[in-house]
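Trainee: Provided below for reference: sequence and predicted model.
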Amino acid sequence: DTAVSQTPKYLVTQMGNDKSIKCEQNLGHDTMYWYKQDSKKFLKIMFSYNNKELIINETVPNRFSPKSPDKAHLNLHINSLELGDSAVYFCASSLPPGLAGAPGELFFGEGSRLTVL
Amino acid sequence: AQSVTQLDSQVPVFEEAPVELRCNYSSSVSVYLFWYVQYPNQGLQLLLKYLSGSTLVKGINGFEAEFNKSQTSFHLRKPSVHISDTAEYFCAVSDLETTDSWGKLQFGAGTQVVVTP
């Protein structure tokens, strides 16, 4: 059983289109994240949600809109795609602050590779 | 704000030889330290973490790392590598001062380890 699963794994689309990536975790975690990995493999946090509430929003263009319908799901919708949006997007989850476990101990999905042409 | 420097972008190593991956960080506050591994076309997996206590930390797959506060380093080592250790390795820090930073990992640029027979 996959702990953090993302769909789709690969997404090829044209500039200007709108696309979504879905993420689900079955670990019972309250906190979920989106990280972006660029072509040089550099990883940067985009958003985090704790129990459906937005916690971190890291200077991401407002073309990116995360949505968390419940604490097990965190989706990412991207409007008006640009060439620079091409990257691998990773969903992750973790225990929330205040519980036993390590801050920063994240469980990652396998990634969704977005290519914008 | 924190920053993480991984001093080697690529480390070629022969099978059964030892390997050391170097990581230095800078931060104005106390941090937690992590090493993550990314196998080809997969998500990141936690190798080990330093939160407090003993400065020598043991992780999965025979890896260990040593926290050196005076040198602000957290180098990763393995005494004898296998072909299956070929992967990208990321050092990361997490600010432990505020819960808003929970899960907000600052990653290094990664070190590609290539193990050859």
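Mentor: Received the coordinates, thanks.
Trainee: which strands border the least confident helix or strand in chain A by mean pLDDT, and is each parallel or antiparallel?
Mentor: Lowest on mean pLDDT, DSSP states H and E among the helices and strands of chain A sits strand A:53-57, with a mean of 86. Strand A:53-57 has its sheet partners listed here by DSSP bridges as strand A:43-50 (antiparallel).
Trainee: could you list every helix and strand in contact with the helix-or-strand element of chain B with minimal mean pLDDT?
Mentor: Among the helices and strands of chain B, strand B:105-107 carries the lowest confidence by mean pLDDT, DSSP H and E, at a mean of 90. Using 3 or more C-beta pairs under 8 Å, 6 or more residues apart in numbering or on different chains; DSSP states H and E, the elements in contact with strand B:105-107 are strand A:43-50, strand B:3-6, strand B:87-95. Yep, even glycine has a C-beta here, placed from its N, CA and C like the rest.
Trainee: ok, 10 Å please
Mentor: When contacts are defined as 3 or more C-beta pairs under 10 Å, 6 or more residues apart in numbering or on different chains; DSSP states H and E, strand B:105-107 packs onto strand A:31-37, strand A:43-50, strand B:3-6, strand B:31-38, strand B:87-95.
Trainee: most tightly packed of these?
Mentor: Most buried of the helices and strands packed on strand B:105-107, by mean neighbour count (mean count of other C-beta atoms under 10 Å in any protein chain shown): strand A:31-37, with a mean of 26.
Trainee: run the chain-centre distance for that strand.
Mentor: Counting by C-alpha atoms, centre = their mean, to the nearest Å, strand A:31-37 is centred 4 Å from the centre of its parent chain.
Trainee: what is the mean pLDDT for that strand?
Mentor: Averaged across strand A:31-37, pLDDT comes to 93.
Trainee: next secondary structure after the least confident helix or strand of chain B?
Mentor: Next helix or strand after strand B:105-107 toward the C-terminus (DSSP states H and E): strand B:111-116.
Trainee: quick one on the thing from earlier: nearest to residue A:84, out of the helices and strands packed on strand B:105-107?
Mentor: strand A:31-37 (10.6 Å; C-beta to C-beta).
Trainee: nothing else from me, thank you.
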